[in-house]
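Chemist: Have a look; sequence and predicted model below, questions after that.
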Amino acid sequence: KVIIDDRIDAISNQVIEDINDDNMNFNIAEIVKLSNLKAYLYELLKDYNFTQWNDIYDLLEAQSGKYVVSATHRLIKDRGCLLLSQLDKNVHSSAVESYLIEESTKQFKTPLGTLFLETTKQLNKLNASTIYVDKEVLKFPLTVRQWQEGDYFYPFGMKEKKKLSKFFKDEKLSLLDKQKTLLLCSDHQVVWVINHRADNRFKLTKQTQDILKIKYQK
């Protein structure tokens, strides 16, 4: 038993590329090198309540987007990887809901994190989790929703619009990352691909008088 456990640990180190709070990333190219493939897949994934082992085996050669679900987890094919994540009902429900943020709101909790809003005169260094926008250009209430096919925005610093699907591809976001991406919108226009990129139409200019700082925190 100890020898088997040691062997599984060694295989795990070989095939698992990344582990974070959201998912575990298995490298398919490394998995297919294993001699007893189905047996190792079982040992690697048995603790996550899967039962459809033939379907899991087929994922190795399936197209991106195919997945297998257990009672507690999902295993999805994403290019050269298998992404294992825990099922999250809150994330799923966000796909069909939108949330309104009134002008007086200072803190707003979304299914995926919290937004903090404050009028300010001081600018700190920009980063993916904080934006500064021209408050006068916004139309309240703002809307938070999950992205949909066909959505587009004008990435900060650019004059041309870009489809979010193309933006996600260029940013090399995984399928799971895309599903967990929320948009902050003003009158159906994207203000912010939250935690990724602001929209250029709401940037600060020399004419800006009221600056709204919006910070996202998981």
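Modeler: Noted; the coordinates are in hand.
Chemist: for the most centrally placed residue in the chain, what are its contacts?
Modeler: The chain has residue 177 as the residue nearest its centroid, 2.3 Å off, counting by CA atoms, centre = their mean. Applying CB atoms under 8 Å, 6 or more residues apart in numbering to residue 177 gives the contacts 22, 168. (Glycine included, C-beta is placed from N, CA and C.)
Chemist: Repeat that for the one 5 residues further on.
Modeler: For residue 182, the set of contacting residues under the criterion of CB under 8 Å, 6+ apart consists of 94, 110, 112, 144-147, 194.
Chemist: Just list whatever residues bridge to it.
Modeler: Note on residue 182: beta-bridge partners residue 146, judged by DSSP bridges.
Chemist: same thing with residue 119?
Modeler: With DSSP bridges as the criterion, residue 119 is bridged to residue 212.
Chemist: Pretty sure it sits against residue 135.
Modeler: Yes - contact criterion CB atoms under 8 Å: residue 119 and residue 135 qualify, at 6.6 Å.
Chemist: Which one's more surrounded, the two?
Modeler: Applying other CB atoms under 10 Å to residue 119 and residue 135 shows that residue 135 carries more neighbours, namely 19 against 11.
Chemist: Ramachandran angles for the more buried one?
Modeler: Main-chain dihedrals, residue 135, degrees, to the nearest 10: phi -60, psi -30.
Chemist: mind checking how far it is from residue 186?
Modeler: In this view, residue 135 and residue 186 are 10 Å apart by CB to CB, to the nearest Å.
Chemist: and what of residue 48?
Modeler: For residue 48, the distance to residue 186 equals 41 Å [CB to CB].
Chemist: In terms of neighbours, single out the busier of those two.
Modeler: With neighbours defined as other CB under 10 Å, residue 48 and residue 186 compare such that residue 186 has more, 20 against 16.
Chemist: in the sheet, who's paired with the more buried one?
Modeler: residue 189.
Chemist: So which residues of the protein form helices?
Modeler: 2-15, 28-31, 37-45, 53-59, 89-93, 164-170, 175-179 (DSSP state H).
Chemist: To residue 211, which of those lies closest?
Modeler: Residue 211 sits nearest to helix 164-170 of all the helices of the chain, at 25.1 Å, using CB to CB.
Chemist: what about residue 73, distance to residue 26?
Modeler: Taken as CB to CB, the span from residue 73 to residue 26 is 13 Å.
Chemist: Between the two, point out the one with more neighbours.
Modeler: Shown here are residue 73 and residue 26; by other CB under 10 Å, residue 26 has more neighbours (23 against 18).
Chemist: Now that the more buried one has come up, it's in contact with residue 16, right?
Modeler: Yes - taking CB under 8 Å as the definition, residue 26 is a contact partner of residue 16 at 5.9 Å.
Chemist: Look up how far residue 32 lies from the nearest residue to residue 11 once chain neighbours are set aside.
Modeler: Distances taken as CB to CB, 6 or more residues apart in numbering place residue 40 nearest to residue 11, at 5.8 Å, with adjacent residues excluded. From residue 40 across to residue 32, the span is 10 Å (CB to CB).
Chemist: circling back: relative to residue 123, which of the helices of the chain is closest?
Modeler: Closest among these, once you apply CB to CB, is helix 164-170, at 24.6 Å.
Chemist: Please work out the average pLDDT along the closest one.
Modeler: Averaged across helix 164-170, pLDDT comes to 95.
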